[in-house]
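Student: based on what follows, work out the 3D shape:
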Amino acid sequence: MKPRIGIDLTYIVDEHATGIKKYGEEIVSGLMKLNVYDMVIFVNKHLEETYKKQFLSCKIVPIKFWLRNSKHGRMINMANKLDITKRTTIKKEKCDIIIYPYISNYTNVVKEQKKIISILDIIPLDEIEDKNSEVYLNTKQKYINLMNLSKNIVTISEYSKNRLTDINPNYKGKITVIPSSVAKLERNNKKVSEIINTDKPYMLTINSFFKHKNQITLVKAFNKIKEIIPHTLVLVGRPEENSPNSRYQEIIDFIEKNNLKERVRILSYISDEERNALLYNADLFISTSYMEGFGRTPVEAAMCKVPVISTKETSLQEATMNEVFYYKKPASYEELSLKIIEVLNNRPTKERLEEISEKLTKEYSEEKIAEKYEELINKIMEGEINAKN
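Tutor: Here you go, the predicted structure:
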């Protein structure tokens, strides 16, 4: 009889593509390809039909875990009210192991159940500047509490593992590094000129407009060299305007002040088809982030055989396997502008870009990542790792 593996995707509330949504779905997809488990996927009731079509060989168990606020149109987490319902539903399926790809303070894990929980990064903690503040100490304690929910944690980089160990040195469980799988994107015939309204070559970045993503440095670097390059700058990402850490308006203000409207495009909530077309046809991809638990987008761009410039911060050099171009000081638009000119004038050969693409594609394939989960699951099943609290 196949082991029965449950995967909790109830944290996914809609069909908009996000990093944590892809992360959970790719775990399911990879384990499906192994064909060695009886898989049960717990999802929000309103996404039941979507996941029945996406994961045909899995049992889909719906839980009404979020409600839509009719006045504001937002999804409201009903975790506190539906805690008992969710726990009971999960227990009824009698899974050998439950995988929680994403947890938060709202996540209700089933006690006395073998489990694997993922803590992807501690960026919300690290971006708090005052390390002695009550906010910092409270946020740190929340992470410690999340870690203590399970004796087995998965995180997506050695960097994140080290940071988790730093904040909770007394943690007695096991932290396993299993990177996010990153599928090579499908090339399509979508006309980029229709997406960005220009036929000029372009440089691209993809990231939400949070402070730590640091797109303002890229815009400043572009402004410095705009007269000597023909490119358009394309920034793709969610504005996150309701967040105190959003820097979207700062970027808009800089663009207006420096008369960059004709040279800079900002796109939000584009389709996967449009996103893929932009990645495959960019002259250059740039990641200016200060903090990443993994750093998916520069990996995706390199897989699309596009030259990539990235910071070396946190996990980015690790995720890109030291195979792209780097600049040292994330906030230095002068250094970044020089690096952009250097790469545009000395573009890697087609063969070199192909070599990088093949290396990253192999390293982050769903099959390879699923095999790492299989190894961990086997250790838990055999009692080598205690994954029950």
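
Student: relative to Tyr37, how far out is the nearest residue to Ser181 once chain neighbours are set aside?
Tutor: Distances taken as Cβ to Cβ, 6 or more residues apart in numbering put Ile369 closest to Ser181, at 3.9 Å, once the chain neighbours are dropped. Just so you know, the C-beta spots here come from the backbone N, C-alpha and C atoms, and that holds for glycine as well. Going from Ile369 to Tyr37 by Cβ to Cβ, to the nearest Å gives 15 Å.

Student: follow-up on the earlier one: for the residue nearest to Ser181, helix, strand, or coil?
Tutor: What DSSP: H, G, I helix; E, B strand; the rest coil gives for Ile369 is helix.

Student: wait, it touches Gly30, no?
Tutor: Yes: if you go by Cβ atoms under 8 Å, Ile369 and Gly30 touch, sitting 5.4 Å apart.

Student: pop the domain breakdown of the chain in here.
Tutor: Listed domain ranges for the chain are 4-181+365-381, 192-363 (source: automatic domain parsing).

Student: in JSON lines, list those domains along with mean neighbour count.
Tutor: Formatted as JSON lines, those follow (neighbours: other Cβ atoms under 10 Å):
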{"stretch": "domain 4-181+365-381", "mean neighbour count": "17"}
{"stretch": "domain 192-363", "mean neighbour count": "18"}
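
Student: lowest-confidence stretch among the ones you listed?
Tutor: Mean pLDDT values for those show the minimum at domain 4-181+365-381, a mean of 87.

Student: quickly list what's touching both of Ile369 and Gly30.
Tutor: Residues touching both Ile369 and Gly30 by Cβ atoms under 8 Å, 6 or more residues apart in numbering: Ser181.

Student: so where do the helices sit in the stretch 1-150 of the chain?
Tutor: 19-34, 48-54, 79-92, 123-126, 134-147 (DSSP state H, counting those that start in this stretch).

Student: any chance of the ones you listed in a markdown table, with distance to Met1 too?
Tutor: Output for those, formatted as a markdown table (distance: least, Cβ to Cβ, whole Å):
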| stretch | distance to Met1 |
| --- | --- |
| helix 19-34 | 16 |
| helix 48-54 | 24 |
| helix 79-92 | 18 |
| helix 123-126 | 41 |
| helix 134-147 | 32 |
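
Student: which stretch among those comes nearest Cys304?
Tutor: Of all the helices of the stretch 1-150 of the chain, it is helix 19-34 that lies closest to Cys304, at 16.0 Å by Cβ to Cβ.

Student: just the CA atoms of the closest one, as PDB, please.
Tutor: C-alpha atoms of helix 19-34 as PDB (Å, rounded to 0.1, in the frame of the first residue of the first chain):
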ATOM      1  CA  GLY A  19       5.900  32.600  -5.300                       C
ATOM      2  CA  ILE A  20       4.300  30.800  -2.400                       C
ATOM      3  CA  LYS A  21       1.400  29.600  -4.500                       C
ATOM      4  CA  LYS A  22       3.800  28.200  -7.100                       C
ATOM      5  CA  TYR A  23       5.900  26.600  -4.400                       C
ATOM      6  CA  GLY A  24       3.100  24.600  -2.900                       C
ATOM      7  CA  GLU A  25       1.700  23.600  -6.300                       C
ATOM      8  CA  GLU A  26       5.100  22.500  -7.500                       C
ATOM      9  CA  ILE A  27       5.600  20.200  -4.500                       C
ATOM     10  CA  VAL A  28       2.300  18.500  -5.400                       C
ATOM     11  CA  SER A  29       3.200  18.300  -9.100                       C
ATOM     12  CA  GLY A  30       6.700  16.800  -8.300                       C
ATOM     13  CA  LEU A  31       5.400  14.200  -5.900                       C
ATOM     14  CA  MET A  32       2.700  13.200  -8.400                       C
ATOM     15  CA  LYS A  33       5.400  12.400 -11.000                       C
ATOM     16  CA  LEU A  34       7.100  10.000  -8.600                       C
END
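
Student: so Thr176 sits in a helix?
Tutor: No: under three-state DSSP, Thr176 sits outside any helix and is assigned strand.

Student: who's in contact with it?
Tutor: With Cβ under 8 Å, 6+ apart, Thr176 has these contacts: Asn152, Ile153, Val154, Thr155, Leu376.

Student: identify the bridge partners of it.
Tutor: Beta-bridge pairing for Thr176 (DSSP bridges): Val154.

Student: relative to Phe210, how far out is it?
Tutor: From Thr176 across to Phe210, the span is 27 Å (Cβ to Cβ).

Student: repeat that for Asn223.
Tutor: 21 Å.

Student: ranges for the helices of the stretch 201-350 of the chain?
Tutor: Under DSSP H, counting those that start in this stretch, the stretch 201-350 of the chain gives helices at 215-225, 248-257, 272-281, 296-303, 316-319, 333-345, 350-363.

Student: and those as TSV, adding distance to Val236?
Tutor: Below are the helices of the stretch 201-350 of the chain laid out as TSV (distance: least, Cβ to Cβ, whole Å):
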stretch	distance to Val236
helix 215-225	10
helix 248-257	12
helix 272-281	7
helix 296-303	9
helix 316-319	18
helix 333-345	18
helix 350-363	20
